[in-house]
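Engineer: Starting from these lines, generate the structure:
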Amino acid sequence: MTGTIEAALDKVPFQITDPERIPVKRYYDEAFFEAEKEHLWPRVWQMACRLEEIPEVGDYVEYTILDKSVIVVRGKQGVKAFKNACRHRGVRLANGPGNCGKSGFVCPFHGWRWDAEGDCTFVFGRKVFSEDVLEQTEIDLEPVRIDFFAGCAFINFDDNARPLRETLGPIADRLDARHADKLKMDWWCATVLPTNWKLAMEAFQEGYHVMQTHPQLHAVGVGAGAIYGPDGDG
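Structural biologist: Numbers count the residues shown, from 1 in each chain. Predicted coordinates for the structure are as follows:
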């Protein structure tokens with residue numbers, strides 16, 4: 001098993017051999033970005049929304065990653081996720097959040113319609129099609145794997161990926177101990193950052209910047225002040 005892992009790691013470009021020195025090309029190399037598109041994003045769990053965003057039946061949000069778009073919607077049978085595409089011609093059905101309770105999801109091209117459960121409820125000019133191509137399994141919205149943790153909905157395009165809880169590792173137990181599932185959203189802000197996704201994520205994952213960037217937190221002993229001491233020393 002060890003040999004298999006080592007052989008796989010040998011094929012990874014710009015390997016990290018020193019945890020304090022990340023190869024800079026991981027942040028701008030076009031080929032590495034293409035590798036992430038092929039091997040990372042189609043296979044990992046991704047937080048698509050807070051369940052608070054879709055409290056009522058019919059409420060939905062659109063989640064987009066690269067060229068993939070997903071609808072996360074609350075139906076009568078719970079929260080589900082579907083590919084954001086008409087099963088007829090692949091036209092996008094949703095753009096941003098909304099509620100489909102009254103009209104459903106309507107294809108803007110040919111008028112086909114789906115409800116919050118992903119079931120196709122209307123096909124315009126149904127008689128022009130052969131019945132065998134209109135079987136429900138063929139025309140219902142295509143589901144996307146979904147799971148939940150700490151009040152969030154996560155999606156994964158890989159049906160063979162490990163369960164969400166397993167991939168979270170020990171962080172799941174730590175958050176459970178702090179009742180993360182009972183946390184509520186106070187306010188919400190979304191923006192598009194003109195940077196590599198890793199730079200954005202790293203900025204939110206470390207507290208080293210707090211003393212300089214958020215001095216108000218450092219002053220009350222939170223963030224970097226609590227981690228590095230009053231003088232910023234380790």
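Engineer: Please enumerate the helices of the protein.
Structural biologist: 2-10, 30-39, 136-139, 164-168, 170-177, 197-205, 210-213, 215-219, 224-228 (DSSP state H).
Engineer: In a markdown table: those helices, plus distance to Asp186, mean pLDDT and mean neighbour count.
Structural biologist: Bear in mind the C-beta positions are built from the backbone N, C-alpha and C, glycine included. Listed next are those as a markdown table, based on distance: least, CB to CB, whole Å; pLDDT from 0 to 100; neighbours: other CB atoms under 10 Å:
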| stretch | distance to Asp186 | mean pLDDT | mean neighbour count |
| --- | --- | --- | --- |
| helix 2-10 | 42 | 79 | 8 |
| helix 30-39 | 32 | 94 | 12 |
| helix 136-139 | 41 | 95 | 10 |
| helix 164-168 | 24 | 96 | 14 |
| helix 170-177 | 18 | 95 | 11 |
| helix 197-205 | 17 | 88 | 11 |
| helix 210-213 | 20 | 87 | 15 |
| helix 215-219 | 16 | 82 | 14 |
| helix 224-228 | 22 | 48 | 17 |
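Engineer: so which of these comes closest to Thr17?
Structural biologist: Nearest of the helices of the chain to Thr17, taken as CB to CB: helix 2-10 at 9.9 Å.
Engineer: Can you list the helices and strands that that closest one packs against?
Structural biologist: Applying 3 or more CB pairs under 8 Å, 6 or more residues apart in numbering; DSSP states H and E, we find helix 2-10 packed against no helix or strand.
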